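*Asks:* Sequence first, then the predicted structure, then my questions.
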Amino acid sequence: DCIHSEEISADNVAEKLKGYHGILVAPGFGDRGIDGKIISVTYARENKIPFFGICLGLQCAIIEFARNVMGYEDAHSTEMDSNTRHPVIDLMEEQKGVTEKGGTMRLGGYACSLEKGSLVQEAYNTEMVRERHRHRYEFNNDFLEAYKKQGMVPTGINPKSGLVEIMELPAHPWFVGTQFHPEYSSTALNPHPLFIAFIKAAIKKSS
């Protein structure tokens, strides 16, 4: 089912998402529906429901964790709040000052080194992959050690730039967020390994 995040609030999230065995927060741009997405992440995290966040979905998971686990109440992406004291999502330094949206986007295929024993490494069954990107904002590595200490860990890293490509919550049954777009290389006849792993986790939750 497709649920518009604009319809989700703290008051109705339990009703809206009741009975679902997996929650995927999809890609997007801007702040439309962002509160509902973050609330949905909280629901998935706290209720141990398999969660998959893609691009903005990962960024919502990072913001949610900062606010509700790490105590950074104003944490946000500088795309939505340029004045936040905790810019956990930000433009890379080399992108700042570039005004054309296309110019600031990270587009195309990039390598990603996977953490051995992680959910994503087990799904891919390899330790190096190449995935396609289409986004402007990134996880802010200034906060990386703080996230690790609180239990959200990077399990996919760009080996050249050190940028975080994947985050996981090892204490959760299946909680994965990717900065890249696995849907770009997924088809009905040849589904992406992360979609397969997510569906398997949802089936396990339902049993």
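*Replies:* Yes, it's here.

*Asks:* switch to C-alpha atoms for all contacts and neighbour counts from now on
*Replies:* Noted.

*Asks:* Any idea which residue is closest to the centre of the protein?
*Replies:* Nearest to the mean C-alpha position of the chain, counting by C-alpha atoms, centre = their mean, stands L58 at 1.3 Å.

*Asks:* so what's that residue up against?
*Replies:* Contacts for L58 were tallied using C-alpha atoms under 8 Å, 6 or more residues apart in numbering; they are 25, 52, 166-167, 176-179.

*Asks:* I'd guess it is in a strand, am I close?
*Replies:* No - residue state for L58 (DSSP: H, G, I helix; E, B strand; the rest coil) corresponds to helix; a strand is not indicated.

*Asks:* Now, of the contacts of L58, which are buried?
*Replies:* For these, a burial check counting by 16 or more other C-alpha atoms under 10 Å picks out 25, 52, 166-167, 176-179.

*Asks:* and which of those residues is nearest to K205?
*Replies:* Taking C-alpha to C-alpha as the measure, F52 is the one of the buried ones among the contacts of L58 closest to K205, at 14.0 Å.

*Asks:* Dump the buried ones among the contacts of L58 into TSV; add secondary structure as well.
*Replies:* As requested, the buried ones among the contacts of L58 are exported to TSV (three-state DSSP):
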residue	secondary structure
V25	strand
F52	strand
I166	strand
M167	strand
V176	strand
G177	strand
T178	strand
Q179	coil
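
*Asks:* Skip ahead from the helix or strand of the chain with the lowest mean pLDDT and say which helix or strand is next.
*Replies:* Least confident helix or strand of the chain, by mean pLDDT, DSSP states H and E, is helix 101-104 with a mean of 51. Downstream of helix 101-104, the next assigned helix or strand under DSSP states H and E is strand 106-114.

*Asks:* What's the mean pLDDT across that next one?
*Replies:* Averaged over strand 106-114, pLDDT sits at 87.
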